[in-house]
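Undergrad: Let me see the structure of the following:
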Amino acid sequence: MNKPIPEKLSSQIDARVKLAIAKAIERHRKLGESISIWQDGQVVTLTADQIPPLDSTCK
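TA: Numbers count the residues shown, from 1 in each chain. Predicted coordinates for the structure are as follows:
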């Protein structure tokens, strides 16, 4: 039987995954590449100019 992941560990994992995603999106923005996101029940493609810059506290 699998033991449950301690709350602290799962919170750390969530935070790191969110940071990795934010950095990947920022990389796309800096390289001028578009990204596709799910918005209002449909796929929307954002150009690099439409991607907001990464918050400086996330770096």
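
Undergrad: State the distance from Leu31 to Ser11.
TA: Distance of Leu31 to Ser11, given as CB to CB, to the nearest Å: 31 Å. Using the backbone N, CA and C atoms, a C-beta is placed for each residue, glycine as well.

Undergrad: Of these two, give the one with the bigger neighbour count.
TA: Ser11 (11 against 8; other CB atoms under 10 Å).

Undergrad: what about the more buried one, helix or strand, and which?
TA: helix 7-31 (DSSP states H and E).

Undergrad: if I've got this straight, Ser36 is in a helix?
TA: No - if the criterion is DSSP: H, G, I helix; E, B strand; the rest coil, then Ser36 is strand and not within a helix.

Undergrad: Could you report the distance from it to His28?
TA: With CB to CB as the criterion, Ser36 and His28 are 10 Å apart.

Undergrad: Mind checking which of these two has more residues around it?
TA: Between Ser36 and His28, counted using other CB under 10 Å, His28 has the larger neighbour count: 15 against 9.

Undergrad: Tell me the confidence at the more buried one?
TA: If you check His28, the pLDDT there is 95.

Undergrad: Confirm for me that it is in contact with Ala48.
TA: Yes - using CB atoms under 8 Å, His28 makes contact with Ala48 at a distance of 6.7 Å.

Undergrad: Touching both of the two, which residues are there?
TA: Ser34 (CB atoms under 8 Å, 6 or more residues apart in numbering).

Undergrad: coming back round to it: what about the helix holding Ser11, distance to the chain center?
TA: Centre-to-centre, helix 7-31 and its host chain are 5 Å apart (CA atoms, centre = their mean, to the nearest Å).

Undergrad: Ignoring the adjacent residues along the chain, who's closest to Leu54?
TA: Using CB to CB, 6 or more residues apart in numbering and skipping the chain neighbours, the partner closest in space to Leu54 is Glu26 (3.9 Å).

Undergrad: Packing partners of the helix holding Ser11?
TA: Based on contacts counted as 3 or more CB pairs under 8 Å, 6 or more residues apart in numbering; DSSP states H and E, there is no element that helix 7-31 packs against.

Undergrad: what do you get if the cut-off is 10 Å, keeping everything else the same?
TA: strand 35-39, strand 42-46 (3 or more CB pairs under 10 Å, 6 or more residues apart in numbering; DSSP states H and E).
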